[in-house]
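A.B. asks: one predicted model, sequence on top.
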Amino acid sequence: MNHFVILSGCSGGGKSTLLSELHQRGYAVVEEPGRRIVQEETRIGGQALPWIDMTAFLRRAIDMALDDHANTRHSSQWTFFDRGLLMRRRHLKN
(Lines give C-alpha, C1' and ligand atoms only; values in the text may rest on other atoms or scores of the structure.)
Protein backbone atom coordinates (compact mmCIF):
# COMPACT_ATOMS: atom_id res chain seq x y z
CA MET A 1 0.00 0.00 0.00
CA ASN A 2 1.34 3.42 -0.97
CA HIS A 3 1.26 6.23 1.52
CA PHE A 4 1.32 9.19 -0.86
CA VAL A 5 0.06 12.70 -0.17
CA ILE A 6 -0.05 15.30 -2.95
CA LEU A 7 0.04 18.90 -1.78
CA SER A 8 -1.77 21.24 -4.12
CA GLY A 9 -2.67 24.89 -4.06
CA CYS A 10 -1.92 28.32 -5.41
CA SER A 11 1.54 29.81 -5.75
CA GLY A 12 2.61 31.32 -2.44
CA GLY A 13 0.13 29.17 -0.51
CA GLY A 14 2.79 27.54 1.68
CA LYS A 15 3.30 24.16 -0.02
CA SER A 16 7.09 24.44 -0.10
CA THR A 17 7.20 25.69 3.48
CA LEU A 18 5.09 22.76 4.63
CA LEU A 19 7.24 20.33 2.62
CA SER A 20 10.38 21.73 4.24
CA GLU A 21 8.91 21.27 7.71
CA LEU A 22 7.80 17.70 6.93
CA HIS A 23 11.30 16.93 5.65
CA GLN A 24 12.83 18.32 8.87
CA ARG A 25 10.52 16.00 10.81
CA GLY A 26 11.87 12.99 8.91
CA TYR A 27 9.22 12.44 6.27
CA ALA A 28 10.07 11.67 2.65
CA VAL A 29 9.28 14.61 0.39
CA VAL A 30 9.39 15.18 -3.38
CA GLU A 31 9.78 18.71 -4.66
CA GLU A 32 7.66 20.02 -7.51
CA PRO A 33 8.94 18.89 -10.94
CA GLY A 34 8.48 22.34 -12.48
CA ARG A 35 10.70 24.02 -9.93
CA ARG A 36 13.45 21.42 -10.37
CA ILE A 37 13.28 21.71 -14.17
CA VAL A 38 13.54 25.51 -14.10
CA GLN A 39 16.55 25.33 -11.74
CA GLU A 40 18.32 22.73 -13.89
CA GLU A 41 17.54 24.31 -17.26
CA THR A 42 18.64 27.72 -15.98
CA ARG A 43 21.88 26.24 -14.63
CA ILE A 44 22.78 24.49 -17.91
CA GLY A 45 21.39 27.14 -20.28
CA GLY A 46 18.68 24.76 -21.47
CA GLN A 47 15.57 25.52 -23.49
CA ALA A 48 12.94 23.39 -21.67
CA LEU A 49 11.53 26.39 -19.84
CA PRO A 50 7.86 27.39 -19.92
CA TRP A 51 8.64 30.83 -21.36
CA ILE A 52 10.89 29.36 -24.11
CA ASP A 53 9.55 25.91 -25.03
CA MET A 54 6.36 25.00 -23.19
CA THR A 55 6.02 21.62 -24.92
CA ALA A 56 9.52 20.51 -23.89
CA PHE A 57 8.92 21.79 -20.36
CA LEU A 58 5.63 19.89 -20.02
CA ARG A 59 7.14 16.68 -21.39
CA ARG A 60 9.99 16.91 -18.89
CA ALA A 61 7.54 17.65 -16.06
CA ILE A 62 5.41 14.60 -16.88
CA ASP A 63 8.47 12.35 -17.24
CA MET A 64 9.90 13.63 -13.96
CA ALA A 65 6.61 13.12 -12.11
CA LEU A 66 6.36 9.56 -13.44
CA ASP A 67 9.96 8.89 -12.37
CA ASP A 68 9.25 10.35 -8.92
CA HIS A 69 6.31 7.99 -8.53
CA ALA A 70 8.29 4.98 -9.77
CA ASN A 71 11.16 5.77 -7.40
CA THR A 72 8.91 6.00 -4.34
CA ARG A 73 6.17 3.46 -5.02
CA HIS A 74 7.78 0.69 -2.98
CA SER A 75 8.34 2.85 0.08
CA SER A 76 6.35 1.94 3.16
CA GLN A 77 6.68 5.41 4.68
CA TRP A 78 4.53 8.46 4.07
CA THR A 79 5.75 10.46 1.07
CA PHE A 80 4.62 14.03 0.46
CA PHE A 81 4.66 15.45 -3.08
CA ASP A 82 4.63 19.14 -3.96
CA ARG A 83 2.08 18.81 -6.73
CA GLY A 84 2.10 15.80 -8.99
CA LEU A 85 0.19 13.65 -11.42
CA LEU A 86 -2.85 11.73 -10.35
CA MET A 87 -2.55 8.20 -11.63
CA ARG A 88 -5.21 5.57 -11.76
CA ARG A 89 -4.38 2.19 -10.33
CA ARG A 90 -5.19 -0.59 -12.76
CA HIS A 91 -6.24 -3.97 -11.51
CA LEU A 92 -5.78 -6.96 -13.74
CA LYS A 93 -8.14 -9.87 -13.43
CA ASN A 94 -6.67 -13.34 -13.73
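C.D. replies: Cool, got the structure.

A.B. asks: can you map out the strands along the chain?
C.D. replies: Ranges of strands within the chain are 4-7, 28-30, 79-82, based on DSSP state E.

A.B. asks: how about those in JSON lines, adding distance to residue 45, mean neighbour count and mean pLDDT?
C.D. replies: Yep, even glycine has a C-beta here, placed from its N, CA and C like the rest. Below are those laid out as JSON lines (distance: least, Cβ to Cβ, whole Å; neighbours: other Cβ atoms under 10 Å; pLDDT from 0 to 100):
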{"stretch": "strand 4-7", "distance to residue 45": "30", "mean neighbour count": "16", "mean pLDDT": "86"}
{"stretch": "strand 28-30", "distance to residue 45": "26", "mean neighbour count": "19", "mean pLDDT": "92"}
{"stretch": "strand 79-82", "distance to residue 45": "25", "mean neighbour count": "21", "mean pLDDT": "90"}
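
A.B. asks: using TSV, please lay out the ones you listed together with distance to residue 54.
C.D. replies: Below are these laid out as TSV (distance: least, Cβ to Cβ, whole Å):
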stretch	distance to residue 54
strand 4-7	23
strand 28-30	23
strand 79-82	20
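
A.B. asks: and of those strands, who's closest to residue 67?
C.D. replies: Nearest of the strands of the chain to residue 67, taken as Cβ to Cβ: strand 28-30 at 10.0 Å.
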